[in-house]
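Peer 1: With the input below, show me the fold.
(2 chains)
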Amino acid sequence: GDSVTQMEGPVTLSEEAFLTINCTYTATGYPSLFWYVQYPGEGLQLLLKATKADDKGSNKGFEATYRKETTSFHLEKGSVQVSDSAVYFCALSDRGSGNTPLVFGKGTRLSVIA
Amino acid sequence: GAVVSQHPSWVICKSGTSVKIECRSLDFQATTMFWYRQFPKQSLMLMATSNEGSKATYEQGVEKDKFLINHASLTLSTLTVTSAHPEDSSFYICSAPRGGISNYNEQFFGPGTRLTVL
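Peer 2: Here you go, the predicted structure:
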């Protein structure tokens, strides 16, 4: 079945450092790919998405590019802030409509220190 | 953005009792809702798909008689953990897809309910 693998955390960075969180996937079809963020005590929020190969999702300085050839969707940010401290989940939907459930990676906890 | 609420946000109960968790879409209608379970430091695992007006669809390994789902209206789905035991202690999260401008329906997540069974 479909699966998502993302790098183990926790990741601890200093403010203004560069962030990469790796995410790879396996899927039988052409999935849509997502990054969700979970801030302490809150629910999951959609950070960005890409629905087809070579699409780049971006939001709040975060970016991820849908790479079909490497089945990857790595999350990057050029300069992290303390407020970016959260748990980040990579996810896929094997039918892009959104009426299907998501398959999640295990999550990566990011801590940014001043 | 769209809002999905869950109630209660946390609950502690004795072993053998039943607990009901509500998931509401506050500003949109959802014919489908999803229930996930999240163990500490682990990912969200889909438990079941809640369908308004019909029976829920359960994932393999999820006991439908233990985790009762009722999609009572277009804005409410409930998950009842019957005869709860300590191993049912977990974080339960619901989500609901909402239609957008394109055919893509974004999923909105509730804040989760932490269940602790003593």
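
Peer 1: can you list the residues of chain A near chain B?
Peer 2: The interface of chain A toward chain B, taken as C-beta under 8 Å from any C-beta of the partner chain, is made up of A:32, A:36, A:41-46, A:49, A:51, A:89, A:96-99, A:101-107. To be clear about C-beta, it is placed using only N, CA and C from the backbone, and glycine gets the same treatment.

Peer 1: Now intersect the residues you listed with the strands, please.
Peer 2: A:32, A:36, A:44, A:45, A:46, A:49, A:89, A:103, A:104 (DSSP state E).

Peer 1: what is the third one paired to in the beta sheet?
Peer 2: Listed by DSSP bridges, the beta-bridge partners for residue A:44 are residue A:38.

Peer 1: give me the number of residues near it?
Peer 2: When neighbours are counted by other C-beta atoms under 10 Å in any protein chain shown, residue A:44 registers 27.

Peer 1: Would you mind listing where chain B has pLDDT under the threshold?
Peer 2: Residue ranges of chain B with pLDDT under 70: B:1-2, B:99-105.

Peer 1: got the contact list for the nearest residue to residue B:112 once chain neighbours are set aside?
Peer 2: Distances taken as C-beta to C-beta, 6 or more residues apart in numbering or on different chains put residue B:93 closest to residue B:112, at 4.5 Å, once the chain neighbours are dropped. By C-beta atoms under 8 Å, 6 or more residues apart in numbering or on different chains, the contact set of residue B:93 is A:43, A:44, B:6, B:35, B:36, B:37, B:38, B:44, B:109, B:110, B:112, B:113.

Peer 1: Quick check: residue B:93 vs residue B:11, distance?
Peer 2: Separation of residue B:93 from residue B:11 (C-beta to C-beta, to the nearest Å) stands at 14 Å.

Peer 1: list the buried ones in stretch B:29-38?
Peer 2: Judged by neighbour count (16 or more other C-beta atoms under 10 Å in any protein chain shown), stretch B:29-38 contains these buried residues: B:30, B:32, B:33, B:34, B:35, B:36, B:37, B:38.

Peer 1: Work out which residue lies at the spatial centre of chain A.
Peer 2: residue A:35 (3.1 Å; C-alpha atoms, centre = their mean).

Peer 1: what about the spatially closest residue to residue B:31 that is not a sequence neighbour, how many residues close to it?
Peer 2: Nearest non-adjacent residue to residue B:31, counting by C-beta to C-beta, 6+ apart: residue B:52, 4.6 Å away. For residue B:52, the number of neighbouring residues by other C-beta under 10 Å comes to 17.

Peer 1: Next: residue B:59.
Peer 2: Neighbourhood size, residue B:59 [other C-beta under 10 Å]: 15.

Peer 1: Enumerate every residue touching it.
Peer 2: Applying C-beta under 8 Å, 6+ apart, the residues near residue B:59 are B:45, B:46, B:47, B:48.

Peer 1: Please, where are all the strands along chain B?
Peer 2: B:4-7, B:10-13, B:19-25, B:32-38, B:44-51, B:57-58, B:67-73, B:76-81, B:90-99, B:105-109, B:113-117.

Peer 1: Pick the most deeply packed of those.
Peer 2: strand B:32-38 (a mean of 24; mean count of other C-beta atoms under 10 Å in any protein chain shown).
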